[in-house]
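S.K.: Kindly return the folded structure for what I paste below:
(one chain, ligands or ions: 1)
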Amino acid sequence: MHTAMSQSPPKFYLTTPIYYVNARPHIGHAYTTIVADVIARRSRAQGVDTWFLTGTDEHGQKIERSALAAGVPPQQFTDQVSETFREPWRRMGITNDDFIRTTEPRHKQGVQKLFLAIKEAGYIDLQTYTGAYCVSDETFVDVEPGSPCPECGNITEVLSESNFYFKLSAFQDKVLALIESNELLIEPDTLRNEVLSFVRGGLKDLSISRTSIKWGIPVPGHPDHVIYVWLDALANYMTAVGYGSDAPEDLEKFNRYWPADLHLIGKEIARFHCIYWPAFLLAAGEKLPKKIAANGWLLFHDSKMSKSKGNVVRIETILDAFGTLCPATPLLSPSPQVSSFAKGGGPASSLLSSRSEAKGSAVAFGISVGLQPHELATENEGALAPAPPTKAQQDLFASDVLRYFLLREVPYGQDGNFSLEAMVTRYNADLVNGYGNLVSRTLTLASTQFHSDTVCPAEPWACQEFEANPEDEKTSVVEMQSGTASVIAEICNLANVDFDFYMRQTEFHLALTEIYSRISVVDGYLSWHKPWKLAKSTDGPDRKKLIEILYTAAESIRIITALLYPILPYATASVWRQLGLGDIEEAARTGQLKDLQWGGLKPGTRLGPLAPIFPRADKGLTAIMMQMEQDQNTPISHANAAHDAATSTLSEFPEMSLASATVPHEQSVVPSVESVVSTSPSDASPQITIDDFAKIELRVAQILVAERIPKADKLLRLEVDLGYEKRQILSGIAEWYTPEELVGRRIVVITNLAPRKMRGLESHGMLLAASTEGGKPHLATFADSAQLPLGSRLK
Ligand code: MSP
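M.R.: As a prediction, the model looks like this:
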């Protein structure tokens, strides 16, 4: 048995806190879970046997009272709220290998075993204690009963109990030595120091049973006592991998995965994890976790996002709103096969792999498979028109945006302000203009250049140097050097090393900064060499240059994409397919995303069907999300009772007993968003509420510029002034209005309509006009418009 174990591949066991089920999850919970998922995906892609655990914490007075307030038995209550945690993780494609609930039998038996192990070792005895108890933190605190808890500020209660006590004081020196020697690593350093000074201040024995509470795990042999909720909760990390079971497969699992390699937590629960947990384990003679890393708090409106403050941003809001931007994915297989992800079975992998059986499109990278025009037709036969994204795809797309934003914006370990506006801005700046733009400009040019090419030079992707353009005087020598293909190759090889370094340190924002500096370099390289200017030559040195430039950019994209995979699993899957490399999940499983070296993109690789990656987000998206957050407090348009069921305070579970508590999310707030971005009003209009109407943003604008668009008889290009910004709008009124008669007019514009492209130009908004079928559209205007400031909203 031992020999076999020593030969097995490395393992990595990581956990999130198990979340209390007295409230629905918000993006604070999502933050820790996302970090765990990123680390788990990366670890698997490195070939490490990874076990990723999350779950829900379901016992204790807090939960008991929430259930009481909701008017349902605690078990039913926790069943329902626990599901509200599983659901967003599913929607987001979180690849947890297990989900533990503390009300499960496997957990209960493990907790009782741990209690007995500590007791038998002589570290638990029965004592009577009277003191101040904080219900919110589930702990006795050292203040006068009735005064505020020093941790959370809630008023404490007096509690007198005959309790089992754990001799925590006996472990003071051992815990101190463990942390000081870094045998138990605690990150960040600031937190490690806080923990150290707490331990140095002296550890008092800890009450670890309650007689006042019924909702918990009974102390073995003392059915009137339930086990302290933190001992119960912390034990999940062991019970989930088999502790407490005698079944051979559970014993094997426990031996394989315990101890945990990484407990991810929020900083406010450091004391329980860094002091109590190691002490319990030492007392029971079990191995200790290797590392505890804490994230700081997501702040919203400058205070910790939390249900009790009511300042949370719901995960659903982000998924529903950003999901509307999800581009269609071209399908190649008429009946996609759904396969499942290794152990996690997350939805991301199955959806993505269903799209990944691309035979390769008509587009060829390089010459070895250069296609004749007739071959194009054959190759395209299997292709279907792009299918609109499914709701599941929209969720995964939006989840990528949230993952990216949280990791890039908030240095891990520190507090960070969350803002919906910043999220939209960062999305446009980094994902649309950065990564997405680099991919599309490169692959679009490659696809137009190589698709019908039959006469290319022999070794298209060889990295041959060529001179940078010496005519451009503004270019410095450094820029000229960094513009060569071999320099780009070196930079990308180094990206691998630097990125890995920061990812290991959980410095995600720095890892992403590294990636972004590479994206800029490759962008600069393209702008400098202007491959589109070489595009007309079909042979000779220019052709060679063109191929080299495009290969260099595409190969950089391959490396960048492989590195970004754990953070953007959905978007990178799309890019990977477009590069002609197939299923990225398969690539992750087979080690193609690790030890990346320049040159992995093989000459002759055929591009997959191209598709947009990150469509631009309208600024109006922020307003939509804010509105959605406001709306969640009103019953209108909310079919999802489960969504309302578990908000902040104890009295907020009125619908818990309703059968509709599990209405799927597809029926929730989504339609209200889509109604805003829809461009096709129907004649048989359904009735809408005043709230629906309020979502359509109509504003006063003035036409500054109007001009015809070459070869587009019906379209005019307008520039309108909204007072707070200027916009371009394309309007199909050219048959009825001359540009001259429009300039200066004040009109009404729908401003929160999603932008769309026509004739290669972006149109951002729509004019309001009335017309009879086929007749002249009469622009809506005002008799006294001069008195209205531009941008005034129509209500
Ligand atoms: N049930 C305990 C943990 C037991 S672990 C053995 C608990 N649950 S909780 O529901 O309150 O979740 C706490 C965790 O959620 C935090 O430790 C943190 O990981 C995450 N977060 C909740 N709100 C958060 C923010 N506003 N910001 C960052 N993380 C947040 O404590």
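
S.K.: which ones are touching the residue in the stretch 201-350 of the chain positioned nearest to the ligand?
M.R.: At 2.4 Å from the ligand, Gly266 is the closest residue in the stretch 201-350 of the chain, using Cβ to the nearest ligand atom. The way it works is simple: take the backbone N, C-alpha and C, and place the C-beta from them, glycine included. For Gly266, the set of contacting residues under the criterion of Cβ atoms under 8 Å, 6 or more residues apart in numbering consists of Pro17, Gly28, Thr32, Ala294, Asn295, Gly296, Trp297.

S.K.: Show me the beta-bridge partners of it.
M.R.: Taking DSSP bridges, one finds Asn295 as the beta-bridge partners of Gly266.

S.K.: Report pLDDT for it.
M.R.: pLDDT, Gly266: 97.

S.K.: Got phi/psi on Ser303?
M.R.: In terms of degrees, to the nearest 10, the main-chain angles of Ser303 are phi -140, psi 160.

S.K.: count of residues packed around the closest residue to it other than its chain neighbours?
M.R.: The shortest distance from Ser303 to any residue that is not its chain neighbour, by Cβ to Cβ, 6 or more residues apart in numbering, is 6.0 Å, and that residue is Lys309. Per other Cβ atoms under 10 Å, the neighbour tally for Lys309 reads 12.

S.K.: ditto for Glu586
M.R.: Counted with other Cβ under 10 Å, the burial measure for Glu586 works out to 16 neighbours.

S.K.: so which helix or strand takes in the nearest residue to Glu514 once chain neighbours are set aside?
M.R.: Residue nearest to Glu514 in three dimensions, not counting chain neighbours: Asp498, with 4.6 Å by Cβ to Cβ, 6+ apart. Taking DSSP states H and E as the criterion, the element that holds Asp498 is helix 485-504.

S.K.: helix or strand right after that helix?
M.R.: With elements assigned by DSSP H and E, the helix or strand that comes after helix 485-504 is helix 508-529.

S.K.: Now that following helix: buried residues?
M.R.: Using 16 or more other Cβ atoms under 10 Å as the test for burial, helix 508-529 gives 508-512, 514-516, 518-519, 521-523, 525-526, 528-529.

S.K.: before we move on, what about stretch 110-127?
M.R.: Applying a neighbour-count criterion of 16+ other Cβ under 10 Å, the buried positions in stretch 110-127 are Gly110, Val111, Gln112, Lys113, Leu114, Phe115, Ala117, Ile118, Lys119, Tyr123, Ile124.

S.K.: again with stretch 549-567
M.R.: For stretch 549-567, by 16+ other Cβ under 10 Å, it's 549-567.

S.K.: can you check stretch 615-630 too?
M.R.: For stretch 615-630, a neighbour-count test (16+ other Cβ under 10 Å) marks 615-618, 620-625, 627-629 as buried.

S.K.: tell me which of those is nearest to the ligand?
M.R.: Nearest to the ligand out of the buried residues of stretch 615-630 is Glu629 (Cβ to the nearest ligand atom; 15.1 Å).

S.K.: thinking the closest one is in contact with Asn311, fair?
M.R.: No - distance between Glu629 and Asn311: 9.9 Å, which falls outside the contact criterion (Cβ atoms under 8 Å).

S.K.: Could you double-check that Val432 sits in contact with Ala571?
M.R.: No - Val432 lies out of contact with Ala571 (Cβ under 8 Å); the separation is 11.1 Å.

S.K.: Quick check on those two: which one has the bigger neighbour count.
M.R.: Ala571 (27 against 19).

S.K.: Wait, a strand at Gly131?
M.R.: Yes - under DSSP: H, G, I helix; E, B strand; the rest coil, Gly131 falls within a strand.

S.K.: quick one, phi psi at the residue nearest to it when sequence neighbours are not counted?
M.R.: Distance criterion Cβ to Cβ, 6+ apart; nearest residue to Gly131, sequence neighbours excluded, is Phe140 at 4.8 Å. Main-chain torsions, Phe140, degrees, to the nearest 10: phi -70, psi 140.

S.K.: what about Thr390, distance to Trp89?
M.R.: With distances defined as Cβ to Cβ, to the nearest Å, the gap from Thr390 to Trp89 amounts to 18 Å.

S.K.: Of those two, which one has the most company?
M.R.: It is Trp89, of Thr390 and Trp89, that has more neighbours when counted by other Cβ under 10 Å, with 24 against 13.

S.K.: Tell me the secondary structure at that one.
M.R.: Three-state call for Trp89 (three-state DSSP): helix.

S.K.: Now for it: which residues touch it?
M.R.: Counting by Cβ under 8 Å, 6+ apart, Trp89 makes contact with Thr33, Thr54, Asn96, Phe99.

S.K.: what's the spacing between it and Asp79?
M.R.: When Cβ to Cβ is applied, the distance between Trp89 and Asp79 equals 16 Å.

S.K.: now the stretch 201-350 of the chain, which segments are flagged as low pLDDT?
M.R.: 331-350 (pLDDT under 70).

S.K.: For the stretch 351-500 of the chain, which segments count as helices?
M.R.: 373-380, 391-409, 420-426, 437-450, 477-482, 485-504 (DSSP state H, counting those that start in this stretch).

S.K.: mean confidence score for the first one?
M.R.: Predicted confidence along helix 373-380 averages 30 (mean pLDDT).

S.K.: what does the second one give?
M.R.: For helix 391-409, the mean pLDDT works out to 97.

S.K.: For Thr54, see how far away the closest residue in space to Trp277 that isn't next to it in sequence is.
M.R.: Sequence neighbours aside, Leu234 is the residue nearest to Trp277 in space, at 4.8 Å (criterion: Cβ to Cβ, 6+ apart). The spacing between Leu234 and Thr54, counted by Cβ to Cβ, is 15 Å.

S.K.: Those two: which is more packed in?
M.R.: Applying other Cβ under 10 Å to Leu234 and Thr54 shows that Thr54 carries more neighbours, namely 27 against 23.

S.K.: helices and strands around the helix or strand containing that one, which ones?
M.R.: Counting by DSSP H and E, the element that carries Thr54 is strand 49-57. The contact analysis (3 or more Cβ pairs under 8 Å, 6 or more residues apart in numbering; DSSP states H and E) places strand 49-57 against strand 11-20, helix 27-45, helix 74-91, strand 98-101, helix 236-239.

S.K.: Include distance to the ligand when you put those into CSV, please.
M.R.: Compiled in CSV, the helices and strands packed on strand 49-57 are given as follows (distance: least, Cβ to the nearest ligand atom, whole Å):
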stretch, distance to the ligand
strand 11-20, 4
helix 27-45, 2
helix 74-91, 9
strand 98-101, 10
helix 236-239, 6
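
S.K.: Tell me which of those sits nearest to Leu196.
M.R.: Between Leu196 and these, the tightest spacing by Cβ to Cβ is seen for strand 11-20, at 21.5 Å.

S.K.: Show residues contacting that closest one.
M.R.: Contacting residues not belonging to strand 11-20 are listed as 25, 29, 32-33, 36, 39-40, 43, 48-57, 62-63, 85, 100, 102, 233, 236-237, 241, 256-266, 269 [Cβ under 8 Å, 6+ apart].

S.K.: Can you select the buried ones from those residues in PyMOL?
M.R.: When burial is assessed using 16+ other Cβ under 10 Å, the buried subset of the contacts of strand 11-20 is captured in PyMOL by this command:
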select buried, resi 25+29+32+33+36+39+40+43+48+50+51+52+53+54+55+56+57+62+63+85+100+102+233+236+237+241+257+258+260+261+262+263+264+265+266+269
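
S.K.: Dump the helices and strands packed on strand 49-57 into CSV; add distance to Phe280 as well.
M.R.: As requested, the helices and strands packed on strand 49-57 are exported to CSV (distance: least, Cβ to Cβ, whole Å):
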stretch, distance to Phe280
strand 11-20, 15
helix 27-45, 22
helix 74-91, 24
strand 98-101, 17
helix 236-239, 10
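
S.K.: All set now, cheers.
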